[in-house]
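S.K.: take a look and give me a structure for this.
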Amino acid sequence: MNALYQDLLNQDINNVKIIAIGKGQYSADNSDWTDDNTIPVVNDPSPNDIWTNWGASQWDLFFLDLNGNYVEDFNINPWDYDAIYNTILGLLTSGCTDPEACNYDPDATEDDGSCLALDCEGVCGGSNIASFLCINGDFVCNPAECPLCDGEYTEIDNSCYYQSDLDALQDIIDLNGLNEETSGNDMDNGDGIFEPIELGGQVWFNNRLSRLSLYRSFGKLNYEISVIPESIGNLNELIFLDLDNNQIENLPDEFINLNLLETLWFGDGNPLNTIPTVIFQLINLTLLGIYDTNISEVPPEIGNLTNLTDLYLFNNHITTLPESIGSLMNLTFLNLSKNQLTTLPESICDLPESNNFDFRLNSICSIPSCMYWIQNQNCEEINCPDDLTELNGDCYFQGDVDVLQDIINVNESLSAIEPLEIVTGFPTLYPTWTNGRLTNLSLWYYLDIQLTTLPESIGNLSNLERLYLASNQLTTLPESIGNLSNLERLYLEGNQITTLPESFCNLSIDWGGTYEWGFNDSYFYFSIDNNNLCPPYPECIKDYVGEQDTTNCPIMAITDDILPINYNLYNSYPNPFNPTTTISFSIPKLGLATITAYDINGRKLETLTNEVLSIGNYSINWNASSYPSGVYLIRMDSRDFTQTQKVLLVK
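M.R.: Below you'll find the model as predicted:
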């Protein structure tokens, strides 16, 4: 019988509750049945009391439903297993076996997954839920009779909005009388009436207001906000709020509920005399901008905002900063320009170093050593730290100024120029000086100067990032130029450079790389074309030398540990070329070697070399600037060896 159960389970039939074998008419109240109306299965019935009491003389199969109620019984042959198995299968019926379902089938012995909690398709006589439609067997809300948004949300233009957020926006509209003044406003759909979702710039996320801009220039708004309602505290999912360029004097205490706020702009003309204290409780702020106002003091509570990375307090009337400013250890951008600061607290030196701290146009006349780079102060006299020099009212690193003076000293054309006068560049894009250190040095043709020499001290400009030396008369570069570890761009084109120092490839420049500047314009980080360099070129720039005048270059033996064993005329490089190409060849025996250039018709143009050469590898440059574009032949003759190759001049 165990095999019978297992075979039924293999057919996913797991709800056969009773298999009884015996003789007699079934009676639910027969005392010989067990408590749940079952007869145990027995393999050998003859000694069993149940069979004896029933006087069984043949075998019957009794089939009961899941509740133990008699269904049917059949005579069976106990030795015919297939007959028993197939008889059971024939008695099983499938359907809904859940009594709670509207389509419950009391005769079903196997659930077929058809049970319906609600009647969608009329199986049980149809649904009585009027607000739902039955579409493809699923209940769908009937838009005519049930809402798209439920509970605390309101539907506007087929989208759901949190009603409390809409209420706060409506309060801003009402308290500032915007619907009394905005007829024809660009942001009110032209009907003269503001709806909450039309106010300013909004971003909603998961049906909640997450970003709100009430900046008066946003979308050409022609209204002013002067009152912020208490209900602003309901906007507790806001992460960005812009209140710039309004007439707001204070903020309600409920503003503290905006505890997710990360960005707050609250300047640009708002008539603030003090910073509202509630702001200093918004500890998740990473950006705070309060500028162009009347505030004269920054309270000590500013130190509570330890997550600040950006703080804009420029163009106010601030005279002092609290020591707690040093607690803002995440600060990477600080703008306090155009205030009335005369001193800085000692804790300012606790802040992390940053190139983005701006104290310009104050009156800080005693510069802290940690802020030596502070410039453009309204002072008759600047007290610079010991390693800085005051020039034109600003502090500069003395070592960098000394290098500029050395450049003047070794170039006669600069003798009448002061150190700071030879520094130029593009200040709005690439500051010439950053934090008191020289970062951009431009000494090229439009300055009406002609450099002939660079001093060895040029290597002391350790912060230099860009060096422009184009169109001068330099013939060499000092070995120390390889010390400029921060150099990103170097322009040497249009000089008369013939050799480069061994340290040249120590520079970390992206030699062949380009960058974008302007409108889809691309520029190289490095340029050295139109000089007089002779091969072999340094490995780092061998593919980027551009055009070089090699007229005066001698034939060059190429250093190689392996001496050639065969004559060879190698492919010229570059090929095609304009107007110079390098011709390399190998000599395995001492003897006369001749390299000759011919046109495509075989007419001899010029002899490039005709010398007795020892064993080795050589290269020579051919400058074809006097010839038109076309195909030319390069021929090598040495002893009994002759070889010719084609080159293409493209102008």
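S.K.: how close does residue 458 sit to residue 480?
M.R.: Distance, residue 458 to residue 480, using CB to CB, to the nearest Å: 6 Å. The way it works is simple: take the backbone N, C-alpha and C, and place the C-beta from them, glycine included.
S.K.: more neighbours: which of these two?
M.R.: Neighbours were counted for residue 458 and for residue 480 using other CB atoms under 10 Å; residue 458 has more, 21 against 17.
S.K.: that one and residue 482 touch, don't they?
M.R.: No: applying CB atoms under 8 Å, one finds residue 458 not in contact with residue 482, separated by 10.4 Å.
S.K.: now do the contacts for the closest residue to residue 205 other than its chain neighbours.
M.R.: Residue nearest to residue 205 in three dimensions, not counting chain neighbours: residue 237, with 7.5 Å by CB to CB, 6 or more residues apart in numbering. By CB atoms under 8 Å, 6 or more residues apart in numbering, the contact set of residue 237 is 165, 205, 208-210, 260.
S.K.: go on, residue 498?
M.R.: By CB under 8 Å, 6+ apart, the residues touching residue 498 are 475-476, 531-534.
S.K.: so which helix or strand takes in it?
M.R.: Residue 498 is part of no helix or strand, with elements assigned from DSSP states H and E.
S.K.: any stretches of the stretch 451-600 of the chain with poor pLDDT?
M.R.: Low-confidence segments of the stretch 451-600 of the chain (pLDDT under 70): 517-521, 555-562.
S.K.: surely residue 436 and residue 396 touch.
M.R.: Yes: using CB under 8 Å, residue 436 makes contact with residue 396 at a distance of 5.7 Å.
S.K.: between these two, what contacts are shared?
M.R.: Common neighbours of residue 436 and residue 396, counting by CB under 8 Å, 6+ apart, are residue 388.
S.K.: per the record, what domains does this structure have?
M.R.: Domain assignment of the chain by automatic domain parsing yields the ranges 2-111, 182-397, 398-541, 556-649.
S.K.: so which of those domains gets nearest residue 150?
M.R.: Across the domains of the chain, residue 150 has its closest neighbour in domain 182-397 (11.3 Å, CB to CB).
S.K.: quick one: the strands in the stretch 201-350 of the chain?
M.R.: Per DSSP state E, counting those that start in this stretch, the stretch 201-350 of the chain carries strands over the ranges 201-205, 208-213, 240-242, 263-265, 287-289, 310-312, 333-335.
S.K.: turn those strands into TSV, including mean neighbour count, distance to residue 495 and mean pLDDT.
M.R.: Shown next, in TSV, are the strands of the stretch 201-350 of the chain (neighbours: other CB atoms under 10 Å; distance: least, CB to CB, whole Å; pLDDT from 0 to 100):
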stretch	mean neighbour count	distance to residue 495	mean pLDDT
strand 201-205	14	54	92
strand 208-213	20	53	94
strand 240-242	20	52	95
strand 263-265	20	50	96
strand 287-289	20	47	96
strand 310-312	20	43	95
strand 333-335	19	40	92
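S.K.: to residue 275, which of these lies closest?
M.R.: Nearest to residue 275, of the strands of the stretch 201-350 of the chain and by CB to CB, is strand 287-289 at 9.1 Å.
S.K.: mind listing the strands that closest one pairs with, and their directions?
M.R.: Looking at strand 287-289 with DSSP bridges, its partner strands are strand 263-265 (parallel), strand 310-312 (parallel).
S.K.: show me where the protein has helices.
M.R.: Under the criterion DSSP state H, the chain contains helices at 2-10, 49-54, 81-91, 163-175, 398-409.
S.K.: which of these has the lowest average pLDDT?
M.R.: Among these, helix 49-54 carries the lowest mean pLDDT, at a mean of 39.
S.K.: and residue 256, how many neighbours does it have?
M.R.: Neighbours of residue 256 (other CB under 10 Å): 15.
S.K.: list the contacts of it.
M.R.: For residue 256, the contact set (CB under 8 Å, 6+ apart) comprises 233, 278, 281-282.
S.K.: put the buried members of those residues into a ChimeraX selection.
M.R.: A single ChimeraX command selects the buried members of the contacts of residue 256 (16 or more other CB atoms under 10 Å):
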select :233,278,282
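S.K.: hmm, residue 240 is touching residue 262, no?
M.R.: Yes: between residue 240 and residue 262 there is a contact under CB under 8 Å: 6.7 Å.
S.K.: so what's residue 308 up against?
M.R.: Residues near residue 308 by CB under 8 Å, 6+ apart: 285-288, 328, 330-331.
S.K.: any chance of the strands paired with strand 287-289 in CSV, plus distance to residue 352?
M.R.: Formatted as CSV, the strands paired with strand 287-289 follow (distance: least, CB to CB, whole Å):
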stretch, distance to residue 352
strand 263-265, 21
strand 310-312, 13
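S.K.: among these, which comes closest to residue 541?
M.R.: Among those, strand 310-312 comes nearest to residue 541, with 40.7 Å by CB to CB.
S.K.: contact partners of that closest one?
M.R.: Contacts to strand 310-312, defined as CB under 8 Å, 6+ apart, come from residues 267, 286-291, 328, 331-335.
S.K.: any stretches of the stretch 301-450 of the chain with poor pLDDT?
M.R.: Across the stretch 301-450 of the chain, the ranges flagged by pLDDT under 70 are 354-355, 372-373, 387, 423-431, 445-449.
S.K.: rerun that using 90 as the cut-off
M.R.: Applying pLDDT under 90 to the stretch 301-450 of the chain flags residues 346, 348-361, 363-398, 411-450.
S.K.: then the stretch 51-200 of the chain?
M.R.: Within the stretch 51-200 of the chain, the ranges that satisfy pLDDT under 90 run 51-153, 155-159, 176-195, 198-200.
S.K.: show me the contacts for residue 211.
M.R.: Residues near residue 211 by CB under 8 Å, 6+ apart: 201-203, 238-241.
S.K.: for stretch 294-301, list the C-alpha coordinates in CSV.
M.R.: C-alpha atoms of stretch 294-301 as CSV (Å, rounded to 0.1, in the frame of the first residue of the first chain):
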residue,chain,number,x,y,z
ASN,A,294,22.6,92.8,5.3
ILE,A,295,23.9,90.2,7.7
SER,A,296,27.0,91.4,9.7
GLU,A,297,27.6,88.4,11.9
VAL,A,298,27.9,84.6,11.6
PRO,A,299,26.7,83.0,14.8
PRO,A,300,28.7,80.3,16.6
GLU,A,301,25.9,77.9,15.8
